[in-house]
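> no sequence for this one, just the structure:
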């Protein structure tokens, strides 16, 4: 029972290593690197959009709590000094 178990385990390790090596080689081709860069750019855009939405939401909450006029995104559009 022990020898067939070790034979199957060794075969499974070999197949796993082969698949992992092929995936790694494919990742370092020009197309693979381009796909990674594109995914990184898309992720950065999504993150920036989420941060902007969170800032506008929090600004609206603060304006409501402090009874200030205006709505969300007002400070983001006006800039730091309050001028458009």
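On my side now, so go ahead. Since the model is a prediction, treat every value here as computed from it, not as a measurement.
> Now do the helices in this protein.
Here the chain has its helices, by DSSP state H, at 2-27, 30-66, 74-78.
> Let me have those helices in TSV, extended by mean pLDDT and mean neighbour count.
To be clear about C-beta, it is placed using only N, CA and C from the backbone, and glycine gets the same treatment. Shown next, in TSV, are the helices of the chain (pLDDT from 0 to 100; neighbours: other CB atoms under 10 Å):
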stretch	mean pLDDT	mean neighbour count
helix 2-27	95	10
helix 30-66	95	11
helix 74-78	53	12
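> Spatially central residue for this structure, please.
Centroid-nearest residue in the chain: residue 43, 4.2 Å away (criterion: CA atoms, centre = their mean).
> so who does it touch?
Residue 43 makes contact with no residue, according to CB atoms under 8 Å, 6 or more residues apart in numbering.
> how much space between it and residue 35?
From residue 43 across to residue 35, the span is 12 Å (CB to CB, to the nearest Å).
> related to what we said a few turns ago, from residue 36, how far out is the residue nearest to the centre of the chain?
Counting by CB to CB, the gap from residue 43 to residue 36 is 10 Å.
> what's the answer for residue 60, then?
Using CB to CB, residue 60 is found at 36 Å from residue 36.
> try residue 28
To residue 36, residue 28 is 10 Å away according to CB to CB.
> got it, and residue 62?
Residue 62 sits 38 Å away from residue 36, going by CB to CB.
> what does residue 55 give?
Counting by CB to CB, the gap from residue 55 to residue 36 is 29 Å.
> same deal with residue 57?
According to CB to CB, residue 57 and residue 36 sit 31 Å apart.
> Kindly report the same for residue 51.
Distance of residue 51 to residue 36, computed by CB to CB: 22 Å.
> before we move on, what about residue 67?
For residue 67 relative to residue 36 (CB to CB), the value is 48 Å.
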